[in-house]
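In: show me the folded form of this:
(one chain, ligands or ions: 1)
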Amino acid sequence: MPRQQTVLVVGGTGRTGGRVLQQLLNRGVTVRAIVRTREKLPPGVAGNPNLTVVEASLLSLADEELQRHLRGCDAVVSCLGHSLSLRGIFGPPRDLVTRATTRLCRGVEALQPPSPVKFILMSSVSVNRPGGLDTRRGALERAFLQILCGVLPPARDNQGAADFLAEKIGPSNAFVQWSVVRPDSLLEGEVSEYALHEGLVNSLFAPGSTNRASVAHFMCELVTDSRTWARWKARLPVIVNAASKPT
Ligand SMILES: NC(=O)c1ccc[n+]([C@@H]2O[C@H](COP(=O)([O-])OP(=O)(O)OC[C@H]3O[C@@H](n4cnc5c(N)ncnc54)[C@H](OP(=O)(O)O)[C@@H]3O)[C@@H](O)[C@H]2O)c1
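Out: Predicted coordinates for the structure are as follows:
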């Protein structure tokens, strides 16, 4: 019998994070969720014996308390995102995703787990692979993105979190391994057939689409399937609906 896995989920009250919670629990994974309010948890998960809910403000938790929630976890899944309101986009914390990613990874490192913990970050196709590897992105699109990062804190934040993992944690950290999942425009709907790509397949000016449920499915595969993890660790996979045609 394989050992039951334990996963810490942040952003589990969000539209994608809620699906991650449901799908992980359906797979029999033990889940710890740090949420601002349990009222926003997805239907059907409250009372699940495999779910522990911690009501707290993630960025305000003391280091020791965060480490207590991380201790014994095999993976951390982050589906954090800025709310789509003026306050959510332009108000503090403007570096929500970067700061949470940094704190969670540093917390894992401080615990020195016997085998590396997976850190799975929900990101976006607006995020560049470090080292200029996204050659699909033309000069005009790169300039547009630079302006976007200049004026929209969430765009800068998503790039900052990915850069932290790629550059500060790196591909051979003894305690943290990571994967940055890059969906295109998010849609509701069920898990659909989806395709995974090393690099970009659509332009920001002619975007593709990705079902939130499929993002959740792939993130759960990264947690529970060792071959999927071996394929996509230390990478920034792009996930799009198979029906979404490359432009
Ligand atoms: N929209 C798109 O088309 C698109 C496309 C590609 C990628 N993305 C990226 O995907 C990610 C998630 O998207 P989503 O639509 O699933 O997100 P969402 O539904 O807006 O959920 C965001 C989550 O983050 C939490 N959160 C927000 N501010 C917080 C704070 N200050 N402290 C702690 N938690 C906080 C929310 O908690 P509460 O429930 O308490 O508010 C919620 O759980 C984002 O990073 C986004 O940039 C979006």
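In: ok, whatever residue of the chain ends up closest to the ligand - contacts?
Out: Per Cβ to the nearest ligand atom, Gly14 is where the chain lies closest to the ligand, at 2.2 Å. No exception for glycine: its C-beta is placed from N, CA and C like everyone else's. Neighbouring residues of Gly14 by Cβ atoms under 8 Å, 6 or more residues apart in numbering: Cys79, Leu80, Gly81.
In: within reach of the ligand, which of those residues are there?
Out: Cys79, Leu80, Gly81 (Cβ under 6 Å from any ligand atom).
In: mind putting these into CSV with neighbour count, pLDDT and secondary structure?
Out: Converted to CSV, those look like this (neighbours: other Cβ atoms under 10 Å; pLDDT from 0 to 100; DSSP: H, G, I helix; E, B strand; the rest coil):
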residue, neighbour count, pLDDT, secondary structure
Cys79, 26, 98, coil
Leu80, 22, 98, coil
Gly81, 21, 95, coil
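In: now, among those residues, which is nearest to Thr102?
Out: Leu80 (12.3 Å; Cβ to Cβ).
In: residues of the protein that sit close to the ligand?
Out: 11, 13-17, 36-37, 40, 58, 79-81, 83, 93, 96-97, 122, 124, 154, 158, 183, 185-186.
In: out of those residues, list just those in strands.
Out: Met122, Pro183, Ser185, Leu186 (DSSP state E).
In: those: which two are farthest apart?
Out: Spatially, the most separated pair among those is Met122 and Ser185, at 13.9 Å (Cβ to Cβ).
In: what separates Leu204 from Leu111, distance-wise?
Out: Leu204 sits 38 Å away from Leu111, going by Cβ to Cβ, to the nearest Å.
In: which one of those two is surrounded by more residues?
Out: Set side by side, Leu204 and Leu111 show more neighbours around Leu204, with 18 against 15, by other Cβ atoms under 10 Å.
In: so the closest residue to that one other than its chain neighbours is in which element?
Out: Ranked by Cβ to Cβ, 6 or more residues apart in numbering and with sequence neighbours excluded, the top spatial neighbour of Leu204 is Glu141, at 5.5 Å. Following DSSP states H and E, one finds Glu141 within helix 139-151.
In: buried stuff in that helix?
Out: Glu141, Phe144, Leu145, Cys149 (16 or more other Cβ atoms under 10 Å).
In: thinking the last one is in contact with Arg156, fair?
Out: So that's Cys149. Yes - taking contacts as Cβ atoms under 8 Å, Cys149 lies within contact range of Arg156: 4.4 Å.
In: how long is stretch 51-69 from one end to the other?
Out: 13 Å (Cα to Cα, to the nearest Å).
In: and for that stretch, what are the contacting residues?
Out: 8, 10, 21, 25, 30-38, 41, 45-46, 80, 93, 96, 99-100, 103-104, 107, 110-111.
In: could you rerun that using 7 Å?
Out: Outside of stretch 51-69, the residues within contact range by Cβ atoms under 7 Å, 6 or more residues apart in numbering are 8, 10, 25, 31-38, 41, 45, 93, 99-100, 103, 107, 110-111.
In: from those residues, keep the buried residues only.
Out: For the contacts of stretch 51-69, buried by 16+ other Cβ under 10 Å: 8, 10, 25, 31-35, 41, 45, 99-100, 103, 107.
In: report the distance from the lengthiest helix in the chain to the chain centre.
Out: Under DSSP state H, the helix in the chain containing the largest number of residues is helix 96-111. Mean C-alpha position of helix 96-111 versus that of the full chain (Cα atoms, centre = their mean, to the nearest Å) differs by 13 Å.
In: next one: stretch 137-149
Out: Counting by Cα atoms, centre = their mean, stretch 137-149 comes out at 23 Å from the chain centroid.
In: put the alpha carbons of that stretch into PDB.
Out: Output in PDB follows, covering the C-alpha atoms of stretch 137-149 (Å, rounded to 0.1, in the frame of the first residue of the first chain):
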ATOM      1  CA  ARG A 137       6.800  35.600 -27.700                       C
ATOM      2  CA  GLY A 138       7.600  38.300 -30.200                       C
ATOM      3  CA  ALA A 139       9.100  41.700 -29.600                       C
ATOM      4  CA  LEU A 140       5.700  43.500 -29.600                       C
ATOM      5  CA  GLU A 141       4.200  41.000 -27.100                       C
ATOM      6  CA  ARG A 142       7.300  41.300 -24.800                       C
ATOM      7  CA  ALA A 143       7.000  45.100 -24.800                       C
ATOM      8  CA  PHE A 144       3.300  44.900 -24.100                       C
ATOM      9  CA  LEU A 145       4.000  42.500 -21.200                       C
ATOM     10  CA  GLN A 146       6.600  44.800 -19.800                       C
ATOM     11  CA  ILE A 147       4.100  47.600 -19.700                       C
ATOM     12  CA  LEU A 148       1.500  45.200 -18.100                       C
ATOM     13  CA  CYS A 149       4.000  44.300 -15.300                       C
END
